[in-house]
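K.L.:
Dropping a prediction and its sequence here:
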Amino acid sequence: MQPAPPFDPAALALRIKALAGEHGFQRCGISGIDLGKDEAHLLDWLQQGLHGDMQWMARHGSRRSRPAELLPGTIRVISVRLDHGREHAPAWDTLADGERAYVARYALGRDYHKMMRGRLQRMAEAIGALVGPFGHRVFVDSAPVLERALARDAGLGWIGKHTCLIDKDAGSWFFLGEIYVDLPLPVDAPTGDHCGSCRRCIDICPTAAIIAPYRLDARRCISYLTIEHEGSIDEELRPLIGNRIFGCDDCQLICPWNRFAKVTAEPDFAPRNRLDEAKLLELFAWDEAEFLQRTEGSAIRRSGWKRWLRNIAIALGNAPTTPRTVAALRSRADIDDPMVREHIHWALARHGVQPADP
């Protein structure tokens, strides 16, 4: 039998939630570590190959769904939410303009990983000041963690049919982070599922990647294709990508619960390099040095310059035919990367010309 902790667990849980607010998070909840049903769902998803090229999803085995295997001694998980929401209208306007580039709303500003991890670490240190040394580790999309399942169990929302977490009072425009702890804290009650019969996210998906409620085929998902996938993108899917060059938000933009989403006041999430209104041609003109300079501290950096060009080439292939568009594509038609070159030649063919045509 474990000795009684030198603190009141219920009082500590309340203080932890207050600390979350003091460190800039909008919600905080506490869950246990039993994710058996989610593990079964994950294993089935992996066995069907719906993770595409993301071999790291399978490589970590059961550590993703068993927190105590990832960090021995873990008995509770503290989950937090950090809002990044923006106004919806500009997003729809950009998607409707074939000459503009659409970048997922979360990636318009500073990369959230380091900023959020720093806040979580300081929050953990503040907990340590209350209880003394304790076993813990912070995570922000940086290890095999079932963050949405843990946040659901902590009462931060439910997993919607598009597989994103939804809070009925705040929509889904937020990041999640966790602190694994060995503290015997009381757990929060999960919320119910409030999607009902709605299927707007399923119906609007440009590539039909949501193959069933709560079931995503990453191989068809534009976010996966433009960010995670390293090689050639299936020609069948390219016209459906439209002008989305880094990620896709359609399923969240259409979600009726996002009418309750909070518009962030976080200055780090303000758009950089006018990415909320940039033209495809100006972004396609960036050389590698300019790409690296302009994406410093941005989540976009992870795609790399060549995938950046590949994605914009697809968008330019879907753009209105103009002399400037054709000229821009021809200017890179001989690029030394065969994967990028293939997509540029495809884009030129969409405009009815060949790379060497006069």
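P.N.:
Yes, it's here. Numbering: from 1, shown residues only.
K.L.:
buried residues in stretch 291-300?
P.N.:
Judged by neighbour count (16 or more other CB atoms under 10 Å), stretch 291-300 contains these buried residues: 291, 295, 298-300. To be clear about C-beta, it is placed using only N, CA and C from the backbone, and glycine gets the same treatment.
K.L.:
actually stretch 234-244, not the one I wrote
P.N.:
For stretch 234-244, the neighbour count (16+ other CB under 10 Å) marks 237-238, 240-244 as buried.
K.L.:
Which residues outside that stretch are in contact with it?
P.N.:
Residues outside stretch 234-244 that contact it (CB atoms under 8 Å, 6 or more residues apart in numbering) are 94-95, 97-102, 104, 206-207, 220, 222, 225-226, 233, 280, 311, 314-315, 317-319, 343, 346.
K.L.:
out of these, which are inside strands?
P.N.:
residue 102 (DSSP state E).
K.L.:
among the contacts of stretch 234-244, which ones are buried?
P.N.:
Neighbour counting with 16+ other CB under 10 Å marks 94-95, 97, 100-102, 104, 206-207, 220, 222, 225-226, 233, 280, 311, 314-315, 317-319, 343, 346 as buried within the contacts of stretch 234-244.
K.L.:
Alpha carbons of the longest helix along the chain, as PDB, please.
P.N.:
The residue-count maximum for a helix in the chain (DSSP state H) belongs to helix 112-131. C-alpha atoms of helix 112-131 as PDB (Å, rounded to 0.1, in the frame of the first residue of the first chain):
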ATOM      1  CA  TYR A 112       3.900  26.100 -31.600                       C
ATOM      2  CA  HIS A 113       6.100  23.200 -30.500                       C
ATOM      3  CA  LYS A 114       8.900  25.000 -28.700                       C
ATOM      4  CA  MET A 115       6.700  27.800 -27.400                       C
ATOM      5  CA  MET A 116       4.200  25.300 -25.900                       C
ATOM      6  CA  ARG A 117       6.800  22.900 -24.600                       C
ATOM      7  CA  GLY A 118       8.500  25.800 -22.800                       C
ATOM      8  CA  ARG A 119       5.300  26.800 -21.100                       C
ATOM      9  CA  LEU A 120       4.500  23.200 -20.100                       C
ATOM     10  CA  GLN A 121       8.000  22.800 -18.700                       C
ATOM     11  CA  ARG A 122       7.600  25.900 -16.600                       C
ATOM     12  CA  MET A 123       4.200  24.700 -15.500                       C
ATOM     13  CA  ALA A 124       5.800  21.400 -14.400                       C
ATOM     14  CA  GLU A 125       8.400  23.300 -12.500                       C
ATOM     15  CA  ALA A 126       5.700  25.200 -10.700                       C
ATOM     16  CA  ILE A 127       4.000  21.900  -9.700                       C
ATOM     17  CA  GLY A 128       7.400  20.700  -8.400                       C
ATOM     18  CA  ALA A 129       7.600  23.800  -6.200                       C
ATOM     19  CA  LEU A 130       4.300  22.700  -4.600                       C
ATOM     20  CA  VAL A 131       5.000  19.000  -4.200                       C
END
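K.L.:
Just the pLDDT at residue 56, thanks.
P.N.:
Looking at residue 56, its pLDDT stands at 86.
K.L.:
what's the closest non-adjacent residue to it?
P.N.:
Spatial nearest neighbour of residue 56, excluding adjacent residues (CB to CB, 6 or more residues apart in numbering): residue 144 at 8.0 Å.
K.L.:
dump the residue contacts of the one you found.
P.N.:
With CB under 8 Å, 6+ apart, residue 144 has these contacts: 56, 60, 63-64, 70.
K.L.:
ok, now with 7 Å
P.N.:
60, 63-64, 70 (CB atoms under 7 Å, 6 or more residues apart in numbering).
K.L.:
Three-state assignment for the residue nearest the centre of the chain, please.
P.N.:
Closest residue to the average C-alpha location of the chain: residue 106 at 7.2 Å, with CA atoms, centre = their mean. Using DSSP: H, G, I helix; E, B strand; the rest coil, the structure places residue 106 in helix.
K.L.:
burial of residue 189, as a residue count?
P.N.:
Applying other CB atoms under 10 Å, we find 10 residues neighbouring residue 189.
K.L.:
before we move on, what about residue 145?
P.N.:
Neighbour count for residue 145, taken as other CB under 10 Å: 24.
K.L.:
try residue 197
P.N.:
4.
K.L.:
ok, it to residue 213 distance?
P.N.:
10 Å (CB to CB, to the nearest Å).
K.L.:
Over to residue 146?
P.N.:
19 Å.
K.L.:
The two: which is more packed in?
P.N.:
Comparing residue 146 with residue 213 by neighbour count (other CB under 10 Å), the higher total belongs to residue 146, at 20 against 15.
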